[in-house]
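Trainee: Could you look at this predicted model? Sequence included:
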Amino acid sequence: MTQRAGSIRKAVIPVAGLGTRFVPATKAVPKELLPVVDRPAIEYIVEEAVRAGCTDVLMVTGRGKGAIEDHFDQAPELQGALEAKGDDQRAGRVGRSSELGRDVHFVRQGEALGLGHAVLRGRAHVGDEPFAVLLGDDMIDEEDRLLERMLQVQTERGGSVVALMEVPPEHADRYGCAEATPLGEDLVQVTGLVEKPAPEEAPSNLAVIGRYVLHPRIFEELERTQPGKGGEIQLTDAMLALANADGDGAGVTGVVFRGRRYDTGDRLEYLKAVVQLGERHPELGEDFRAWLQDRVPARGPA
């Protein structure tokens, strides 16, 4: 299957996770709606997909996630109230989330059987074309155009593409890790994938992060994939099968990302994301930076 440049238009965003690392904050609020400065994390993710040209977005949800759908719905009462007060700026922000939601669709995962199963639930919507997968708690800085680069690589090389990031060896058990052969400045040929290996068993320090561009053949592999680590259907297992397969849709290329990534599914990393993006906020950044400069010396070392 040969794709013309810019033709990958569909994205799948799994958002069915329980957010257990943030309880009790996520007891009634989906973790994807926790604010990063003044916007929920999931809005950053959808904007990234749309910015890269993936204007048809499917979210794979679960129980208790209805508020995500509400966030991307029209809110005429709220928008009207803000406009009546002359607060056009905030009214525009409400309208922006609704505008993003026009091409956002939703499907339930049903059983929580892992990331591979969540991606498989998108099969009917995606059809027979390459598509992007963006994890809902993995934010990439908007100035670092990782997804655009991955879409370009898939168009040029075919097969599937995964985002990789160099991590300290002792952190290998937090990620899927790739065995790979260098291809160029930021590209590798993936020959092996291991889900959350013990540090001494990791094939490299190249960790899989939450961006994928997948050939539709992945669905056939996911159908055949048996539950792996944690009793879940692992996306990495299906990708490994494609990495070692032949024919149309085979092969996995890794894009080694060296930009800014924010893991909003981890409490400490979430706080770091709020601070880093808060410092650069067009309205709040200057005052926030001044407060930080006063605050840090005042407290001294912990």
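Mentor: Looks like it arrived, so ask away. Numbers count the residues shown, from 1 in each chain.
Trainee: those helices in the chain, which residues are they?
Mentor: Per DSSP state H, the chain carries helices over the ranges 41-51, 66-71, 76-84, 88-100, 115-120, 123-126, 146-157, 218-224, 235-243, 267-279, 285-299.
Trainee: Just put those in JSON lines and tack on mean pLDDT and distance to residue 251.
Mentor: C-beta: built from backbone N, CA, C; applies to glycine. Below are the helices of the chain laid out as JSON lines (pLDDT from 0 to 100; distance: least, CB to CB, whole Å):
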{"stretch": "helix 41-51", "mean pLDDT": "95", "distance to residue 251": "24"}
{"stretch": "helix 66-71", "mean pLDDT": "92", "distance to residue 251": "34"}
{"stretch": "helix 76-84", "mean pLDDT": "83", "distance to residue 251": "47"}
{"stretch": "helix 88-100", "mean pLDDT": "82", "distance to residue 251": "33"}
{"stretch": "helix 115-120", "mean pLDDT": "96", "distance to residue 251": "18"}
{"stretch": "helix 123-126", "mean pLDDT": "96", "distance to residue 251": "19"}
{"stretch": "helix 146-157", "mean pLDDT": "96", "distance to residue 251": "7"}
{"stretch": "helix 218-224", "mean pLDDT": "95", "distance to residue 251": "12"}
{"stretch": "helix 235-243", "mean pLDDT": "93", "distance to residue 251": "7"}
{"stretch": "helix 267-279", "mean pLDDT": "95", "distance to residue 251": "32"}
{"stretch": "helix 285-299", "mean pLDDT": "85", "distance to residue 251": "43"}
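Trainee: For residue 7, find the nearest of these.
Mentor: For residue 7, the closest of the helices of the chain is helix 146-157, at 7.4 Å, according to CB to CB.
Trainee: The closest one packs against which elements?
Mentor: helix 41-51, strand 131-134, strand 160-166, strand 206-214, strand 252-256 (3 or more CB pairs under 8 Å, 6 or more residues apart in numbering; DSSP states H and E).
Trainee: Which one of these lies nearest to residue 283?
Mentor: Shortest distance between residue 283 and the helices and strands packed on helix 146-157, using CB to CB, is found for helix 41-51: 16.7 Å.
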